[in-house]
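*Asks:* next one to model:
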Amino acid sequence: MSDVDDALALWALLGRGIEIEAITTVFGNSPLPRVHAVATDLGARWSIPVWRGASRPGDVDTPAVERLVAHRGDVLAIGPQTNIAAALSRGASWSRLVLLGGTNRRLANLRPLHTTELNFALDEAAAAAALAACTDLVPMEPCRALLFGREHFQVLPPWMEQACRGWLRLGPLLTGHLGVVPWDVVAALYYVGVDGFTVERRGVRLDSGPLRRGYVRYQPGAVRVVTGVLPAPFYAAWTALRDPPR
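*Replies:* Numbers count the residues shown, from 1 in each chain. Okay, here's the model as predicted:
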């Protein structure tokens with residue numbers, strides 16, 4: 001994991017008393033071996049099973065897919081949707097499927113020079129399949145309204161706070177501000193029902209092109225799409241978290 005917000009999202013869920021049945025890994029802004037190694041370490045710390053997933057688009061025969069097919073609860077998908085789409089193609093059915101991804105900004109997606117969206121862009125075919133089944137979508141726009149500064153990392157246990165320092169140092173280069181966008185944490189705290197989120201019912205489909213990978217277009221529909229988040233209750237919920245027991 002090049003970004004630490006995946007781990008922060010897991011910590012936030014545990015801090016709110018959510019029981020995480022399993023972690024499934026997937027390629028993203030780091031190759032799968034690195035992602036899986038970090039996730040395995042986190043799983044060992046928190047006694048959560050970790051299942052190896054896709055290393056690239058089209059990698060559909062993985063332990064993660066087997067676990068997702070057998071699962072009957074909620075799924076929070078905060079990376080590329082390759083595992084999710086493969087499980088859906090095999091008949092998986094979940095109580096709730098919450099996706100983090102998609103954008104409708106005007107700026108072009110020029111990775112790695114300027115990235116406006118990553119999760120859907122890395123496997124658009126899988127994203128389209130996941131969108132057809134999702135119940136909730138947290139797109140990039142409301143996430144960009146929030147920034148974590150040094151004070152927001154002080155609630156973490158020391159080993160996590162230390163691991164976040166490099167990410168925080170990169171913040172000004174990525175955001176132009178003294179902070180980082182807590183992408184995956186936004187999806188996690190929305191999932192647990194923190195106050196301050198605004199939601200609209202919409203249909204969602206991919207709206208792609210050479211410079212629009214990962215873009216979405218909205219239409220009438222029933223998906224719960226997060227359209228905004230109030231900073232004050234979000235930050236209050238975050239700072240109220242405590243390190244979960246191991």
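*Asks:* what is residue 228 paired to in the beta sheet?
*Replies:* Legend: beta-bridge partners of residue 228 under DSSP bridges are residue 198.
*Asks:* got it, and residue 103?
*Replies:* With DSSP bridges as the criterion, the beta-bridge partners of residue 103 are residue 215.
*Asks:* which residues touch it?
*Replies:* The contact partners of residue 103, by Cβ atoms under 8 Å, 6 or more residues apart in numbering, come to 109, 116, 117, 139, 140, 141, 214, 215, 216. Quick note: C-beta positions are derived from backbone N, CA and C, even for glycine.
*Asks:* let me know the pLDDT of the nearest residue to the fifth one once chain neighbours are set aside.
*Replies:* Distances taken as Cβ to Cβ, 6 or more residues apart in numbering place residue 103 nearest to residue 140, at 4.2 Å, with adjacent residues excluded. The score at residue 103 is 94. That number is its pLDDT.
*Asks:* measure residue 103 to residue 142 for me?
*Replies:* Look at residue 103 and residue 142: by Cβ to Cβ, to the nearest Å, they are 11 Å apart.
*Asks:* if I look at the most centrally placed residue in the chain, how far off is residue 212?
*Replies:* Nearest to the mean C-alpha position of the chain, counting by Cα atoms, centre = their mean, stands residue 78 at 2.2 Å. In this structure, residue 78 lies at 22 Å from residue 212, with Cβ to Cβ as the measure.
*Asks:* list the buried ones in stretch 34-45?
*Replies:* For stretch 34-45, a neighbour-count test (16 or more other Cβ atoms under 10 Å) marks 35, 36, 38, 39, 40, 42, 43, 45 as buried.
*Asks:* please work out which residues outside that stretch touch it.
*Replies:* Looking at what lies outside stretch 34-45 - Cβ under 8 Å, 6+ apart - the contacts are 1, 6-7, 10, 23, 25-28, 48-50, 52, 246.
*Asks:* closest one of those residues to residue 94?
*Replies:* Set against residue 94, the nearest of the contacts of stretch 34-45 by Cβ to Cβ is residue 23 (15.6 Å).
*Asks:* count of neighbours near the spatially closest residue to the closest one that is not a sequence neighbour?
*Replies:* By the measure of Cβ to Cβ, 6+ apart, the closest residue to residue 23 outside its immediate chain neighbours is residue 50, 4.7 Å from it. As a burial measure, the neighbour count of residue 50 was computed by other Cβ atoms under 10 Å and equals 21.
*Asks:* can you check the one 5 residues further on too?
*Replies:* The burial metric for residue 55, expressed as a neighbour count using other Cβ under 10 Å, is 17.
*Asks:* ok so, going back, among the contacts of stretch 34-45, which two are most distant?
*Replies:* The widest separation within these (Cβ to Cβ) is 28.2 Å, between 27 and 246.
*Asks:* those two: which has the busier surroundings?
*Replies:* Taking other Cβ under 10 Å, residue 27 and residue 246 do not tie; residue 27 has more neighbours (22 against 8).
*Asks:* show the subsequent helix or strand relative to the lowest-mean-pLDDT helix or strand in the chain.
*Replies:* Of all the helices and strands that make up the chain, helix 158-175 has the lowest average by mean pLDDT, DSSP states H and E, namely a mean of 86. On the C-terminal side of helix 158-175, the closest following helix or strand by DSSP states H and E is helix 183-191.
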